[in-house]
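Visitor: This is the structure alone, sequence omitted:
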């Protein structure tokens with residue numbers, strides 16, 4: 001995984017084809033974004049630090065839309 005921009009993470013999280021899961025443990029919060037069972041992005045918030053990570057090729061998942 002590599003660092004990505006907040007806007008890219010938000011786009012992945014808000015995509016209706018993706019699911020996300022949030023876990024909090026004390027001062028640490030983790031939000032993971034999945035396509036099916038594949039982890040494609042995560043956000044780690046620790047105290048005042050926030051970092052966003054995406055898998056290699058996460059841009060491919062930004063463009064996916066539901067086809068009817």
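Guide: Ah, there it is. As the structure is a prediction and not an experimental result, all values here were calculated from the model.

Visitor: where do the helices sit along this protein?
Guide: In the chain, the segments counted as helices under DSSP state H are 6-14, 59-62.

Visitor: Packing partners of the shortest one?
Guide: It stands for helix 59-62. Here helix 59-62 touches helix 6-14, going by 3 or more C-beta pairs under 8 Å, 6 or more residues apart in numbering; DSSP states H and E. Glycine gets a C-beta too; all of them are placed from N, C-alpha and C.

Visitor: for the helices of the chain, which one sits closest to residue 47?
Guide: helix 6-14 (17.3 Å; C-beta to C-beta).

Visitor: How much space separates the residue positioned nearest the centre of the chain from residue 26?
Guide: Nearest residue to the geometric centre of the chain (C-alpha atoms, centre = their mean): residue 41, 3.3 Å. Remark: distance between residue 41 and residue 26 (C-beta to C-beta, to the nearest Å) = 23 Å.

Visitor: And for residue 2?
Guide: From residue 2 to residue 26 the distance is 26 Å (C-beta to C-beta).

Visitor: ok, the two, which is more surrounded?
Guide: residue 2 (9 against 6; other C-beta atoms under 10 Å).

Visitor: residues contacting the residue nearest to the centre of the chain?
Guide: 4, 8, 9, 12, 13, 32, 33, 52, 53, 54, 55, 58 (C-beta atoms under 8 Å, 6 or more residues apart in numbering).

Visitor: contact partners of the helix or strand bottoming out on mean pLDDT in the chain?
Guide: Scoring the helices and strands of the chain by mean pLDDT, DSSP states H and E places helix 59-62 at the bottom, with a mean of 86. With C-beta under 8 Å, 6+ apart as the test, helix 59-62 has contacts from 8, 11, 12, 15, 18, 35, 40.
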